[in-house]
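Asks: Structure here, sequence nowhere to be found:
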């Protein structure tokens, strides 16, 4: 029998097995990029051994970028005291948040080729107009990317709604008073 030992050169545990076969295989995953010396040592039952080494370079996986562009948001919050502040929006990709001011794009780099990523945007974005808060809603508000692309996000404020309760009450009061 032979004892086969493989030293991966990355600090992980060595692979070792005893076999009578003259062929075999194993796999190893390197967790970091870098250059590693992998050494195979075969020892026979008399204690004689032979070793061979190779150098392996592990490169980072290819990546891609996605750019999100926003339209429809006002650039500034307007406050009663005359001050302003930028309106901000964000994109979340797999839980990581990327933030920008209204009118600016967000480019997410380093997404690994061959992998899909879920994304969502802040929805709604709350904008201050002199003490009134207006909600701007995104379309689309979420999705998935798996290659380099651009995603256009359009924010819109919903049409105003009229609360008719005070008008109905006033009408009823006028009718009641008029009936007296």
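Replies: That came in fine, so what should we check first? Note that the structure is a prediction, hence the values are computed from the model and not measured.
Asks: alpha carbons only for contacts and neighbour counts from here, please
Replies: Will do.
Asks: so residue 2 makes contact with residue 24?
Replies: No - the criterion here is Cα atoms under 8 Å, and residue 2 misses it with residue 24 at 11.7 Å.
Asks: For those two, indicate the residue with more neighbours.
Replies: residue 2 (19 against 7; other Cα atoms under 10 Å).
Asks: separation between the more buried one and residue 45?
Replies: Residue 2 sits 6 Å away from residue 45 when distances are taken as Cα to Cα, to the nearest Å.
Asks: Buried residues in stretch 58-74, which are they?
Replies: Neighbour counts over stretch 58-74 (16 or more other Cα atoms under 10 Å) mark 65, 66, 68, 69, 70, 73, 74 as buried.
Asks: Residue 75 touches residue 104, doesn't it?
Replies: No - between residue 75 and residue 104 there is no contact under Cα under 8 Å: 9.5 Å.
Asks: pLDDT below threshold where in the protein?
Replies: Applying pLDDT under 70 to the chain flags the ranges 159-180.
Asks: what's the nearest residue to the residue nearest in space to the middle of it if we skip its chain neighbours?
Replies: Closest residue to the average C-alpha location of the chain: residue 93 at 1.9 Å, with Cα atoms, centre = their mean. Leaving aside its chain neighbours, residue 93 sits nearest to residue 119 (4.4 Å; criterion: Cα to Cα, 6 or more residues apart in numbering).
Asks: Neighbours of the one you found, how many?
Replies: There are 17 residues near residue 119, going by other Cα under 10 Å.
Asks: Now do the SS call for residue 136.
Replies: strand (DSSP: H, G, I helix; E, B strand; the rest coil).
Asks: Report whether the expected contact of it with residue 127 is present.
Replies: Yes - here residue 136 reaches residue 127: they are 7.4 Å apart, a contact under Cα under 8 Å.
Asks: Which one's more surrounded, those two?
Replies: Legend: neighbour count by other Cα under 10 Å for residue 136 and residue 127, higher for residue 127 (23 against 19).
Asks: Show me what the more buried one bridges to in the sheet.
Replies: residue 134 (DSSP bridges).
Asks: residues contacting the residue nearest to residue 67 when sequence neighbours are not counted?
Replies: Once flanking residues are discounted, residue 67 sits nearest to residue 107: 4.2 Å by Cα to Cα, 6+ apart. Residue 107 makes contact with 65, 66, 67, 68 under the criterion Cα atoms under 8 Å, 6 or more residues apart in numbering.
Asks: Turn the buried residues of stretch 58-74 into TSV, including secondary structure.
Replies: Below are those laid out as TSV (three-state DSSP):
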residue	secondary structure
65	strand
66	strand
68	strand
69	strand
70	strand
73	coil
74	coil
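Asks: Cool, thanks, talk later.
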